[in-house]
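Undergrad: generate coordinates for the sequence data below:
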Amino acid sequence: MRPDLAKILARPIAHRGLHDAGRGVIENSLAAAEAAIAGGFGIECDVQLSADGEAVVFHDEGLDRLTSETGPVSGRTAAELEAIGLKGGAGGKIPTLAAFLAFIAGRVPLVIEIKSLGDADFRLASRAVALAATFRGPLTLKSFDPVVMAQCRALGATCPLGLVGPEHPGGAPPQDHYDFLSWSIDELGAARAAHPAKPLMSWTVRTKDQHDLAANLGAQIVFEKYRPVG
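TA: Numbering: from 1, shown residues only. I've put the predicted structure just below:
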């Protein structure tokens, strides 16, 4: 296993940061990142593309669920998105990936999921690869879209690259092309059986039983609404 990937898989990873909406800590926010760092956990985040080609840390295609605004993320510039407050987030706003990386500053490992519409638009992949190269700490890129990950490799990404699954646009890709697989906890056993030596990351772990299952299969966990102990 690559040494940088080993560092990423050495500790549990907080899904979209260590968020807790009930306490005003919203997913993919700087506050959720800080909470994960304080807990000694790695961080997983999602990136979407702004109207002016910037990567922003946000899971949904639309603004409706997490903000008081409506419409697609892709319809706003990065500056406009940075000004939008997160619902219940005590002043938190949508960060650009550049700002998110600068805030974490290599303090813990980071896993970046590149969102894709399956439309062969590689602007987000290109921006993520460029920014990933500036991060002074363990970092990996992953996506459900194998075409996006192939583009990341073609763009010269030097960090580990992972495939999220098990479902993919256009059917199942050749999984041996990736440094690791990030698989649904429900399908993790099948992934391990098919790839006994492949580094595995499992999502989204929400109970101790799921954590134990992942551990028994030699997989790292991306967790949410559950706090790993030990």
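Undergrad: give the contact list for G165.
TA: Taking Cβ atoms under 8 Å, 6 or more residues apart in numbering, we find G165 in contact with F144, A172, Q175, L181, S182, W183, S184, E187, A191. In this view, the C-beta of every residue, glycine as well, is placed from N, C-alpha and C.
Undergrad: what does T70 give?
TA: Applying Cβ under 8 Å, 6+ apart, the residues near T70 are G62, L63, D64.
Undergrad: what distance do you get for it to A98?
TA: Distance, T70 to A98, by Cβ to Cβ, to the nearest Å: 26 Å.
Undergrad: below-threshold pLDDT in this protein: ranges please.
TA: 230 (pLDDT under 70).
Undergrad: roughly how far apart are the residue of it positioned farthest from its centre and D176?
TA: Largest separation from the mean C-alpha position in the chain: A193, at 24.6 Å (Cα atoms, centre = their mean). With the distance defined as Cβ to Cβ, A193 ends up 15 Å from D176.
Undergrad: repeat that for P169.
TA: 19 Å.
Undergrad: and these two? Which one has more around it.
TA: A count of neighbours by other Cβ atoms under 10 Å puts P169 above the other of P169 and D176, at 14 against 8.
Undergrad: can you pull the contacts of the more buried one?
TA: Here P169 is in contact with S116, G118, F144, D145, P146, V147 (Cβ under 8 Å, 6+ apart).
Undergrad: now which of those would you call buried?
TA: Among the contacts of P169, the ones that count as buried by 16 or more other Cβ atoms under 10 Å are S116, F144, D145, P146, V147.
Undergrad: just the residues you listed: which are in helices?
TA: Members of those lying in helices (criterion: DSSP state H): P146, V147.
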